[in-house]
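>>> predicted coordinates and the sequence they were generated for:
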Amino acid sequence: MASTIVMLRASDVSLEKLKKGGLGDELPELYELKKTTQNNKWHNNDSVFDHTLAVLENLEEDIKTASPVVRACLRQKVSDSTRKEILFLAALFHDIAKKEALAEEDGKTTFKGHEKLGSGKVKNVLDRFDLSEKEKSRVADIIENHDAIHKIFDPENKGVDEQLAGLRKRFPGIFTELVLLGMADTQGSHLKDNAPDEFEYRMRCYMETLAF
């Protein structure tokens, strides 16, 4: 008799379960990221896995304190999942391909192209979830474009308003998610310690964009 394949649901993946290693069999790619260390302006020798947990923790807090408009947006459905659930999955897997993209020079790490690589790699992972193709595509789109907001809010960028408007027009269905993930990604880094002025500037940009 053939065994029944039990599909994961977005609600099955909790921060507490991740910390306890409870999804090691279902999502080994995540736990493999414990072996990938980051060291640059944004990271002080932390693993990609630990960074991911920090991003998820900050994301949960940011959503709690977000404006009613943002929270209402995240309650909207994409097939059977809310946009909040899809955002959580995108945050969970946003750096899934950093192992493949890792390069090191003079003790500093870079991960060029990990966003696009991640959007491809995550598709196989998402096949283990009970998600529609539309939901899977939305997760992959957020992952592939999650670096765009970091580039826009670079302190040296002189075209913030124009580029932000362009991002909103290009990705109306995931714009809020990209901003929230960018903010949590920044909070879950070591930028605050390594470049505090830049950290504060970026945080102001995120909060003003989301009208906190």
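Received, thanks.

>>> wait, residue 109 touches residue 41, no?
No - taking C-beta atoms under 8 Å as the contact criterion, residue 109 and residue 41 are not neighbours in contact, 10.7 Å apart. All C-beta atoms are positioned from the backbone trio N, CA, C, and that covers glycine.

>>> where does the prediction get shaky in this structure?
Within the chain, the stretches falling below the threshold (pLDDT under 70) are 1-5, 212.

>>> quick one: which of residue 109 and residue 41 has more around it?
Relative neighbour count places residue 109 above the other of residue 109 and residue 41, with 19 against 12, counting by other C-beta atoms under 10 Å.

>>> and that one, helix, strand or coil?
In the three-state summary, residue 109 is assigned as strand, counting by DSSP: H, G, I helix; E, B strand; the rest coil.

>>> quickly find the element holding the residue nearest to the spatial centre of the chain.
Most central residue of the chain, judged by C-alpha distance to the mean C-alpha position with C-alpha atoms, centre = their mean, is residue 91 at 2.9 Å. When secondary structure is defined by DSSP states H and E, residue 91 falls within helix 83-93.

>>> swap in residue 49?
Here residue 49 is assigned to helix 48-65, by DSSP H and E.

>>> which strands or helices does that helix pack on?
In terms of contacts (3 or more C-beta pairs under 8 Å, 6 or more residues apart in numbering; DSSP states H and E), helix 48-65 is packed against helix 15-19, helix 28-32, strand 37-40, helix 68-75, helix 83-93, helix 175-187.

>>> returning to that earlier point: from residue 26, how far off is the residue nearest to the centre of the chain?
Residue 91 sits 17 Å away from residue 26, taking C-beta to C-beta, to the nearest Å as the criterion.

>>> try residue 128
Relative to residue 26, and taking C-beta to C-beta, residue 128 is found at 6 Å.

>>> helices or strands next to the helix holding residue 91 in the packing?
Taking 3+ C-beta pairs under 8 Å, 6+ apart as the contact definition, the neighbouring helices and strands of helix 83-93 are helix 48-65, helix 68-75, helix 114-126, helix 133-144, helix 175-187.

>>> next helix or strand past it?
Using DSSP H and E, the helix or strand that follows helix 83-93 in sequence is helix 98-101.

>>> residue 113 reaches residue 101, doesn't it?
Yes - contact status for residue 113 versus residue 101: in contact at 5.6 Å, counting by C-beta under 8 Å.

>>> these two: who's more crowded?
Comparing residue 113 with residue 101 by neighbour count (other C-beta under 10 Å), the higher total belongs to residue 101, at 18 against 13.

>>> now that one, nearest residue through space, not along the chain?
In space, not counting the residues next to it along the chain, residue 101 is nearest to residue 114; the distance is 3.8 Å by C-beta to C-beta, 6 or more residues apart in numbering.

>>> ok, now which ones touch residue 73?
The neighbourhood of residue 73, defined by C-beta atoms under 8 Å, 6 or more residues apart in numbering, consists of 83, 176.

>>> next one: it from residue 66, what distance?
From residue 73 to residue 66 the distance is 9 Å (C-beta to C-beta).

>>> same thing with residue 41?
With distances taken as C-beta to C-beta, residue 41 is found 27 Å from residue 66.

>>> give me the phi and psi for residue 46.
Comment: the main-chain dihedrals of residue 46 come out as phi -100, psi 150, following degrees, to the nearest 10.
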